[in-house]
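Engineer: Next come a sequence and a model predicted from it.
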Amino acid sequence: MRDSLLILDYDRLTSRMAVRMLRGGRICCRILPWDVDEETLEQEQPAGLLLCAAADTPDVTIPPQVMNYQGPILALGAAAAALNAALGGQNGVYAPLAALMDLDYSECPLLNGLASGQRLFKGLTPMQLPEDAQQIAAVGDERAAVGFSLGGARRFGMQVDLEIHDPDSARLLTNFAQNICGCTPWWDDEAFVRQAVEDIRQATGEGNAVCLMTGGLYSNVTSLLAAKALGDRLTCVYVDTGLLQDDEEEDFFELFSQRTGLNVIREDHRDRFLQALKGVRDPMDKRRTIESILTVIRRDVQRSVPLLNAVIRGRSYMERLSQGEETLGLRAGVLCVEPLRDLFTEEVRQIGRFLGMPEEILSRQAIPATGLALNIRGEVTAERLDILRTADGIYRRLMQEGNQIRRLGTLYTNLEPVGNYYSIILNALTASDIGLPRAARVPYDILESAMEEIQAACPKVRRVVYNLSPNPTI
């Protein structure tokens, strides 16, 4: 891989904003935990490290392996004060502010193109810099240090919070990437696909690979990448869990059987999943149950494919973050490749668009392998799935007809049993992967039509409500 940055995650929101801003400038970067091990740093050989914390991130420490890294480091927010202390400076006590302050910049390659002026500070930690450090940013009449440079060691700290859609935040990161680290703006859809294809081919070698598909956005895009890399050495197995939305399966087979020419083997496991979920009510238990069945299915599929060297799995960054590193039941010598592991949902859609996936499929909300199971409160039954599918299909159709889909971050429907009847909860979020979730302002006529159609189609639904405090993890 060509020049790239590693973002060490002390604060998830700050890290995601940094990734979006850098990739928007075609800078290759990826997020890793703040306590990344030394072996990973040696393998990655990044052009620079970006330590991402907010001003109020608590208990920020910089591990020895990061301090021993020889390339450039830029620490943001509370990480700047932690870096100052690690370099021999002294810190005071953090003080919350939430105030506009006059910020003055000094001449420095990190700050090229940035103009002094007012900026919002959530809080500040007083810093007494090391003797060989230079102050490059100051606030207030007392010119308190909020930014410093240790030029010879290529260490930089800025006690500022990144802000969404802020040109100065984007310019600061771009200056670090290009002026300090020497990165070039080469990262785009074509470069990603080229790298993903190379990774898949390298993992597979001269053997074969299998891609387990559940009909969702991530596995669909992953299978297209794998097919581009391996051709007929790829076996795609579609696992019918019975948990998908109303019309996803039909569209799925139209795409992959008729438009791409991929040979997809369909395995019907609907009864198996329903039986396993019987009596399971806790969302985390549902997730574990579904994943355990998929693990068993993966093992069975592996035994059926000769000369198997790799399993290609479709997971995005946000899925990896929520699920962790799960066991896949891989055979000895078989590698797992997750080409989308560092991408956000919209970036996955963009790659699918680049590969020629139809827009009507790309525009849908991304749903993980758990499908609708987590959207049902309590036990998952065939009746509840049918009612939820019907209600969800009506809601999505009306939102599509009302031109509401494109402006939303997430759209989903919940079902809640109430005695022998059900309530349907409609949800719509405007936030992206990096923003805070907020309920969208859905036109009332759409909600009214949804209520009328859902109750007409589902006699057991006695109540339809719109949720103003939705849970973005569902």
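Structural biologist: Received the coordinates, thanks.
Engineer: CA atoms for contacts and neighbours, from now on please.
Structural biologist: Will do.
Engineer: helices and strands around the helix or strand containing residue 236, which ones?
Structural biologist: Assessed by DSSP states H and E, residue 236 sits inside strand 234-240. Strand 234-240 makes packing contacts with strand 208-213, helix 217-230, strand 264-268 when contacts are defined by 3 or more CA pairs under 8 Å, 6 or more residues apart in numbering; DSSP states H and E.
Engineer: Residue 352 is nearest to which of these?
Structural biologist: Closest to residue 352 of the helices and strands packed on strand 234-240, according to CA to CA: helix 217-230, at 5.4 Å.
Engineer: Which positions in that closest one come out as buried?
Structural biologist: Using 16 or more other CA atoms under 10 Å as the test for burial, helix 217-230 gives 217-230.
Engineer: Could you list the low-confidence segments of the stretch 351-474 of the chain?
Structural biologist: Scanning the stretch 351-474 of the chain for pLDDT under 70 picks out 363-368, 431-436, 471-474.
Engineer: Repeat that for the stretch 1-150 of the chain.
Structural biologist: 1.
Engineer: ok, which stretches of the stretch 151-300 of the chain are helices?
Structural biologist: Secondary structure of the stretch 151-300 of the chain (DSSP state H, counting those that start in this stretch): helices located at 167-175, 189-204, 217-230, 248-253, 270-277, 283-304.
Engineer: would JSON lines of these with distance to residue 395 be doable?
Structural biologist: Converted to JSON lines, these look like this (distance: least, CA to CA, whole Å):
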{"stretch": "helix 167-175", "distance to residue 395": "37"}
{"stretch": "helix 189-204", "distance to residue 395": "32"}
{"stretch": "helix 217-230", "distance to residue 395": "20"}
{"stretch": "helix 248-253", "distance to residue 395": "15"}
{"stretch": "helix 270-277", "distance to residue 395": "24"}
{"stretch": "helix 283-304", "distance to residue 395": "23"}
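Engineer: How is the chain partitioned into domains?
Structural biologist: If you go by automatic domain parsing, the domain ranges for the chain are 5-180, 189-362, 381-466.
Engineer: ok, residue 234 touching residue 208?
Structural biologist: Yes: counting by CA atoms under 8 Å, residue 234 touches residue 208, with 6.0 Å between them.
Engineer: Show me which of the two is the more surrounded one.
Structural biologist: Looking at residue 234 and residue 208 with other CA atoms under 10 Å, you find the greater number of neighbours at residue 234, namely 26 against 21.
Engineer: ok, now which ones touch the more buried one?
Structural biologist: Each residue near residue 234 by CA atoms under 8 Å, 6 or more residues apart in numbering is listed here: 208-211, 226-227.
Engineer: Tell me the pLDDT of the closest residue to residue 109 other than its chain neighbours.
Structural biologist: In space, and not counting its chain neighbours, residue 109 is closest to residue 179: 6.2 Å by CA to CA, 6 or more residues apart in numbering. Among the per-residue scores, residue 179 holds a pLDDT of 95.
Engineer: what about residue 332, neighbour count?
Structural biologist: 7.
Engineer: Over to the residue most central in space within the chain. Which of the three states is it?
Structural biologist: The centre of the chain sits closest to residue 318, judged by CA atoms, centre = their mean, with a distance of 3.1 Å. Classification of residue 318 by DSSP: H, G, I helix; E, B strand; the rest coil places it in helix.
Engineer: Check the burial of the closest residue to it other than its chain neighbours by counting its neighbours.
Structural biologist: Nearest residue to residue 318, sequence neighbours excluded (CA to CA, 6+ apart): residue 344, at 6.6 Å. Neighbour count of residue 344, defined by other CA under 10 Å: 21.
Engineer: next one: the one 3 residues further on
Structural biologist: Burial of residue 347, expressed as a neighbour count using other CA under 10 Å, amounts to 16.
Engineer: Packing partners of the helix or strand where it lies?
Structural biologist: If you go by DSSP H and E, residue 347 is part of helix 345-354. When contacts are defined as 3+ CA pairs under 8 Å, 6+ apart, helix 345-354 packs onto helix 189-204, helix 217-230, helix 359-362.
Engineer: Flag every buried residue along that helix.
Structural biologist: Buried, per 16+ other CA under 10 Å, within helix 345-354: 345, 347-353.
Engineer: go on, stretch 286-306?
Structural biologist: 286-287, 289-295, 297-298, 301-302.
Engineer: Closest to residue 99 out of those residues?
Structural biologist: For the buried residues of stretch 286-306, the residue nearest residue 99 by CA to CA is residue 287; the value is 43.0 Å.
Engineer: And the pLDDT for that closest one?
Structural biologist: Looking at residue 287, the pLDDT reads 89.
Engineer: Distance-wise, check it relative to residue 94.
Structural biologist: 40 Å (CA to CA, to the nearest Å).
Engineer: give me the element residue 42 is part of.
Structural biologist: Here residue 42 is covered by helix 38-44, with elements defined by DSSP H and E.
Engineer: From the contact counts, what lies against that helix?
Structural biologist: Using 3+ CA pairs under 8 Å, 6+ apart, helix 38-44 sits against no helix or strand.
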